[in-house]
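What follows is a protein structure lacking sequence information:
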């Protein structure tokens, strides 16, 4: 999704050491990007990260919104199976401080929180917008970890799965209209 500038869809660090939440955009332009593997997904995400008014959602448009603005509502986007999933980690304390080795912290979270099938597979990760901020505990890992799965699942299926494994993470990312 793309909102109109100067609105932004990410948290912003402010010079007074506070963090401003993302803007409450109402209208979005829909841009559909597809990926067939984790590398293609990573390229799409890295490209979108250059623009603070871009964000990904899990939802599939219920009709062609390509030439018009639309609202980010469940009635406009359906929860269709996707091959990708993103885990939003905000409250994990790895044995190695994230400021020392982010990769080690991510690997530790995968090893301790996820089933074995997630280990030793290629991932793509991005730090959360609040990672490293002075107001946040430096020992906590704050990251978005993306996987590309062989079996596409809906957000509702991911949410049930996450609850079954009692993952310590933000399940709102499985909603079809939650910004990523």
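Happy to help now that I have it. Predicted, not measured: the structure shown is a model, and the values here were computed from it.

and residue 147, helix, strand or coil?
Secondary structure, DSSP: H, G, I helix; E, B strand; the rest coil: residue 147 is strand.

For it, which residues count as its bridge partners?
On the basis of DSSP bridges, residue 147 is bridged to residue 85.

now for the worst-scoring helix or strand of the chain on mean pLDDT, which elements pack on it?
Sorting the helices and strands of the chain by mean pLDDT, DSSP states H and E puts strand 12-13 at the bottom, at a mean of 82. Applying 3 or more CB pairs under 8 Å, 6 or more residues apart in numbering; DSSP states H and E, one finds that strand 12-13 contacts strand 19-20. For the C-beta atoms, the positions are set from N, CA and C on the backbone; glycine is no exception.

State the mean pLDDT of the strand it packs on.
Mean pLDDT, strand 19-20: 88.

for stretch 170-180, same thing?
The average pLDDT within stretch 170-180 is 93.

List the buried residues of it.
170, 171, 173, 174, 175, 176, 177, 178, 179, 180 (16 or more other CB atoms under 10 Å).
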